[in-house]
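Q: how does the following fold in three dimensions:
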Amino acid sequence: MAELISRRDGAVGRIVFSNPARINAMTFDMWRALPQALAAFDADPAVRLVVLAGAGDKAFVSGADISQFEQNRTSEEARSAYNQAVEAAYLAPIRCAKPVIAQIRGICMGGGLGLAAACDVRFCSDDAVFRMPAARLGLGYSYVGMRRFVQVLGAASTADIFLSARRFGAADALQMGFVQRVFAAADLEREVGAYAATVGENAPLSLLAAKAAIRAVLTDPGERDMAALQAQIDACYASADYAEGQRAFMEKRTPGFKGR
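A: Down below sits the predicted model:
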């Protein structure tokens with residue numbers, strides 16, 4: 001059965017891509033479900049960040065489920081609906097106000113690569129395998145999607161992976177800056193969990209403001225809402241958490257942030 005599995009572990013929301021019959025390839029329904037799943041965690045005050053992962057140990061996301069292409073990507077109308085669902089899924093981690101982390105084990109190709117690129121931080125296993133096979137499938141990649149890759153990888157590395165459609169491993173992904181850290185496969189889940197726990201202990205308003213500021217830097221100047229961003233920054237200084245952080249620092253203890 002192909003599905004998204006959502007669960008909350010303390011302050012961490014987890015979304016798992018599960019399609020074991022097709023190495024976690026994304027079906028049309030899975031693309032459509034991702035924005036809803038992220039929006040639900042965004043609205044949950046108990047959740048401070050979200051981790052995306054693939055089910056099992058073979059893949060994060062192996063791409064789009066090509067077996068559905070004849071049904072969903074042949075006519076112009078069907079292709080438009082499918083592409084809109086995919087783009088909405090790509091935008092969902094960006095639009096999520098809370099940090100989104102990609103936990104990449106095994107295969108991360110095509111749509112999986114696009115989803116990972118939309119996350120704020122990416123960690124992978126040492127056996128991870130990456131590929132952007134659009135040129136092998138005759139697909140044209142959107143301007144918005146291509147800009148996202150250029151922002152993450154730079155123009156030359158983006159050109160490399162799109163023009164060659166080559167496979168590359170964890171070491172290349174780290175060197176390019178696509179992933180921030182590489183862990184032994186057996187340690188990946190534990191290490192990402194430890195990182196997520198560290199982030200989850202930090203001041204929620206500060207996390208929101210940091211992500212908003214980073215996204216503003218990556219947004220065209222005419223589309224930035226600087227007043228809203230400044231309001232988020234000001235809210236940090238006006239919060240009880242700001243006072244708690246100062247007290248905890250002086251008292252040499254772990255702060256107990258409440259998100260207000």
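Q: CA atoms for contacts and neighbours, from now on please.
A: Will do.
Q: in a helix, residue 30, correct?
A: Yes. Judged by DSSP: H, G, I helix; E, B strand; the rest coil, residue 30 forms part of a helix.
Q: which stretches of the protein form strands?
A: 3-9, 12-18, 49-54, 59-61, 100-104, 107-109, 121-125, 129-131, 168-169, 181-183 (DSSP state E).
Q: please compute how far the fifth one lies from its chain's middle.
A: Taking CA atoms, centre = their mean, to the nearest Å, one finds strand 100-104 lying 6 Å from the centre of the chain it belongs to.
Q: list the neighbouring strands of it plus their orientation.
A: According to DSSP bridges, strand 100-104 forms sheet pairs with strand 49-54 (parallel), strand 121-125 (parallel).
Q: neighbours of residue 5, how many?
A: The local packing of residue 5 (other CA atoms under 10 Å) involves 15 other residues.
Q: and the nearest residue to it once chain neighbours are set aside, how far is that from residue 116?
A: What sits nearest to residue 5 in space, not counting adjacent residues and going by CA to CA, 6 or more residues apart in numbering, is residue 16, at 4.9 Å. Here the criterion is CA to CA, to the nearest Å. By it, residue 16 lies 13 Å from residue 116.
Q: between these two, which one's more packed in?
A: residue 116 (27 against 21).
Q: what sits against that one?
A: 102, 122 (CA atoms under 8 Å, 6 or more residues apart in numbering).
Q: now do it, the pLDDT please.
A: At residue 116, the predicted lDDT confidence score is 98.
Q: rewinding a little: could I get the strands paired with strand 100-104 in a markdown table, plus columns for mean pLDDT, mean neighbour count and distance to residue 40?
A: Shown next, in a markdown table, are these (pLDDT from 0 to 100; neighbours: other CA atoms under 10 Å; distance: least, CA to CA, whole Å):
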| stretch | mean pLDDT | mean neighbour count | distance to residue 40 |
| --- | --- | --- | --- |
| strand 49-54 | 98 | 24 | 11 |
| strand 121-125 | 98 | 24 | 20 |
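Q: could you dump the ones you listed to a markdown table with distance to residue 184?
A: Supplementary listing: the strands paired with strand 100-104 in a markdown table, determined by distance: least, CA to CA, whole Å:
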| stretch | distance to residue 184 |
| --- | --- |
| strand 49-54 | 16 |
| strand 121-125 | 6 |
